[in-house]
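Chemist: Got a predicted model here, sequence first, then my questions.
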2 protein chains.
Amino acid sequence: MAEKHVVVLGAGFAGLNAVRVLSREPSLRVTLVDRNNYHLFQPLLYQVASAGLEAPQIAFPVRAFLRRHKNARFLLGSAEGIDAEAKVLMVEGKPVPYDYLVVGSGTRTNDFGLPGVAKYGYAMKTLDDAMRIRDRIISAGEEASRTADPQRRKALMTIVIVGGGPTGVELAGALGEVRRHVIPRDYPGVDLSEVRIILIEGSDRLLDAFAPSSARYAQRFLERLGVEVWFGERVVEIRPDGVKLLSGKFIPTFTAIWSAGVTGQGIPGLPTTRGNRVATAPELYVPEHPEIYVAGDMNSLEYKDGRPYPQVAPVAMQQGRLAAQNILRHLHGKEQRAFRYFDKGNMATLGRNAAVAEVKGLRLTGFLAWAAWLGVHLYYLAGFRNRLMVLGNWAYSYFTYDYAVRVMHHRHEFPALETQAEQAGELVNA
Amino acid sequence: MAEKHVVVLGAGFAGLNAVRVLSREPSLRVTLVDRNNYHLFQPLLYQVASAGLEAPQIAFPVRAFLRRHKNARFLLGSAEGIDAEAKVLMVEGKPVPYDYLVVGSGTRTNDFGLPGVAKYGYAMKTLDDAMRIRDRIISAGEEASRTADPQRRKALMTIVIVGGGPTGVELAGALGEVRRHVIPRDYPGVDLSEVRIILIEGSDRLLDAFAPSSARYAQRFLERLGVEVWFGERVVEIRPDGVKLLSGKFIPTFTAIWSAGVTGQGIPGLPTTRGNRVATAPELYVPEHPEIYVAGDMNSLEYKDGRPYPQVAPVAMQQGRLAAQNILRHLHGKEQRAFRYFDKGNMATLGRNAAVAEVKGLRLTGFLAWAAWLGVHLYYLAGFRNRLMVLGNWAYSYFTYDYAVRVMHHRHEFPALETQAEQAGELVNA
């Protein structure tokens, strides 16, 4: 059997798990392609944005991962397209021929075409995004501390988070703790009522993947922490100086964080369906090109009630593994298997001793859910050093009530409050 | 006694130590001004550049420091000038009046006016500088791994460090260990002879603040590690594709790190003397404006043999303290004291179990010096969390031979090798 070349696009949860399986077959040559030189542990991204963790602690170098996988090599680069007929992946102008391709390139932020979201909103998908949010919040705090104009000061101290899914909720909880425990110590004399964290959700509840009782627990926890949770509000525009809602309200702010949705990365040469995801057979290959597998957030396989699988890490890990196993099965002339999701449940953390977790009908809240969340996240975090560092940071934060990584790498400037003057009637700045 | 306002410019070693002393006098109001929101522990900057530490671990937020100093507040901003007659410091267009001013704004990189150094050289003074060097080295390694042209590949894998002082030597040692212990594991099959670290020094020895025997030990250690140490060579130009030396040699490289010298920051309104430093009385005040004190690297007081004090942390700490004590003495009508340097000695680390240290005529090399270096640096590092994290990283690196923070935040692009074609006769790329 001639040596076959498997190209894995994306060093996310799907890609890494595919490589793990593929490396068991020494007759294969594997190339892992990613535009970054690290695997990003996205579930902890919000802790980088909220100054709880250093950025590299949730990033594991791909080459460190590949040390254990001798038949795999790494290619740094952005994939530009697939020529499925020629079986070639184009990476920055260079052709990378493959026998099998595993596409696990994940998602990008979806701005739904709303004006200003891409330009003035702050996404939270990449390490750079998270560091930018941290820089912006610190910059705004410093600017506020020397601003006499009360309207401008309030706008500087208002953070709007759009989207009440796990990312928005977890970030709101972390920033709520920063507001309560860090700001009074860092800015003595600050009027905390001027420091606002507003979580905006279009529906009438948070965390729609969870049971209503978990969502209510999360809402109550956030509100006790001082986070304002606004339901039934939709953003129609983000401006340089604030967020405009469908209801006509305008919130003066310079920090609007967009966690309202994602869409598949897509790649030219691979037709996509809704959500910019790719339709595959239950075995995860693309029917027209059965040597192309799609795993993780990019795959549009139906889960239940006509909805695709949730875009979460466990699905990506399991699909990455199955795609690789099916490649090995195909290689050895065995029958491929259909994807069956082993649902490990859902968890989201809210703050100190508080999380929600749902596993197989069991619903946990509070300390137990929080402890489970810590354990699961430490377990899945790649790299012994990262675990050590994250555990150290968590222990430090737990005992000191501090979020210590308050280092502003790049200072942000803030524009004048223009909408305020024009449309004072719409202002919400109570 | 009316409340007096002391402005401290710079949150470096001088500024922080001045604030510590000034906060003992509750009748004073203190304002600490810095363009960054953190105190940077510069002695460990080279470990950020060489992927041993995360950047925030050597940066301590100024506001965390000020929590213990109730009469002090922080003003983020760049100082633009001093109006000594009006007793006003200008910070980003806003006047900050003072009764006493302590200037501790340190140094910036000195390119000696050499062409290309500012544009194509990589300085190592700021946190951003160190992260940029890390990004560049990783980017160059990835680019090399997919470059077939041997000349270009060698240039990508050549790092030139200019200046054999402590910064250059410590960085060369750390990168030498990366070359030996990390590169063969991350890039299996790489020809280590193509990976070159060249340390260029104009004189005939390293570490001129140390005894010749210490310098020889450092040189031998670096050379055993595979670092090339070139003496008697002076850089005349840094080009996009290499470093040109006075001897006519040209080293093709995209990573020329400039640690050949610094100069005082200077500030309009305060006349400077050689090295852009400010002449003061032995009590550290400026004779023409005795309410202005200058502490640390910016002060040009003579030490011995007509040379000013070395621009190192212990001098800055001691001068910062003395400047503050003299302000308190002046305030209370007491006689001010002249600066007397308590020389704690010199240390520089080279690698695993290897450093040089000189204390009061005692010269240590090897493990003992290394252990002393670790202890002293952990002790002076600000912040319990930072110490915990740095110790964790050091322990991890020590036992695994790994430099784990190999996270490329921003990818660098590399130009074509142009000088090579033009001036092949000058090439040094053996």
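Modeler: Arrived safely, thanks for sending.

Chemist: Show me the strands in the stretch 201-350 of chain A, by range?
Modeler: A:227-231, A:235-239, A:242-245, A:250-252, A:255-258, A:262-264, A:285-286, A:289-294, A:302-304, A:307-308, A:346-351 (DSSP state E, counting those that start in this stretch).

Chemist: before we move on, what about the stretch 1-150 of chain A?
Modeler: Remark: strands assigned in the stretch 1-150 of chain A by DSSP E, counting those that start in this stretch are A:4-9, A:28-34, A:38-40, A:59-61, A:72-76, A:79-83, A:88-91, A:94-97, A:100-103, A:107-109, A:121-123.

Chemist: Including mean neighbour count, mean pLDDT and distance to chain B, could those strands go into CSV?
Modeler: For every residue, glycine as well, the C-beta is placed using N, CA and C. Below are the strands of the stretch 1-150 of chain A laid out as CSV (neighbours: other C-beta atoms under 10 Å in any protein chain shown; pLDDT from 0 to 100; distance: least, C-beta to the nearest C-beta, whole Å):
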stretch, mean neighbour count, mean pLDDT, distance to chain B
strand A:4-9, 24, 98, 14
strand A:28-34, 23, 98, 11
strand A:38-40, 24, 98, 5
strand A:59-61, 25, 97, 4
strand A:72-76, 21, 97, 4
strand A:79-83, 17, 97, 14
strand A:88-91, 21, 98, 9
strand A:94-97, 14, 97, 8
strand A:100-103, 30, 98, 19
strand A:107-109, 19, 96, 18
strand A:121-123, 23, 98, 16
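
Chemist: what about those strands, which gets the closest to A:Leu270?
Modeler: Closest to A:Leu270 of those is strand A:79-83 (C-beta to C-beta; 5.3 Å).

Chemist: between the strands of the stretch 1-150 of chain A, which gets nearest to B:Phe367?
Modeler: strand A:59-61 (29.6 Å).

Chemist: where does chain A dip in pLDDT?
Modeler: A:1, A:420-430 (pLDDT under 70).

Chemist: make it 90
Modeler: Low-confidence segments of chain A, defined by pLDDT under 90: A:1-2, A:189, A:304-306, A:344, A:360-361, A:382, A:418-430.

Chemist: domain parsing for it?
Modeler: Chain A breaks down into these domains under automatic domain parsing: A:4-35+A:77-109+A:263-331, A:117-260+A:346-411.

Chemist: Would you format those domains as TSV with distance to A:Leu45 included?
Modeler: Converted to TSV, those look like this (distance: least, C-beta to C-beta, whole Å):
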stretch	distance to A:Leu45
domain A:4-35+A:77-109+A:263-331	12
domain A:117-260+A:346-411	5
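
Chemist: do you know which of these lies nearest A:Asn71?
Modeler: A:Asn71 lies closest, by C-beta to C-beta, to one member of the domains of chain A: domain A:4-35+A:77-109+A:263-331, at 5.5 Å.

Chemist: chain center to the closest one: distance?
Modeler: Centre-to-centre, domain A:4-35+A:77-109+A:263-331 and its host chain are 19 Å apart (C-alpha atoms, centre = their mean, to the nearest Å).

Chemist: Looking at the strands of the stretch 201-350 of chain A, which is nearest to B:Asp191?
Modeler: strand A:289-294 (34.5 Å).

Chemist: Going by neighbour count, list what's buried in that closest one.
Modeler: For strand A:289-294, burial by neighbour count (16 or more other C-beta atoms under 10 Å in any protein chain shown) applies to A:Glu291, A:Ile292, A:Tyr293, A:Val294.

Chemist: Many thanks, we can stop here.
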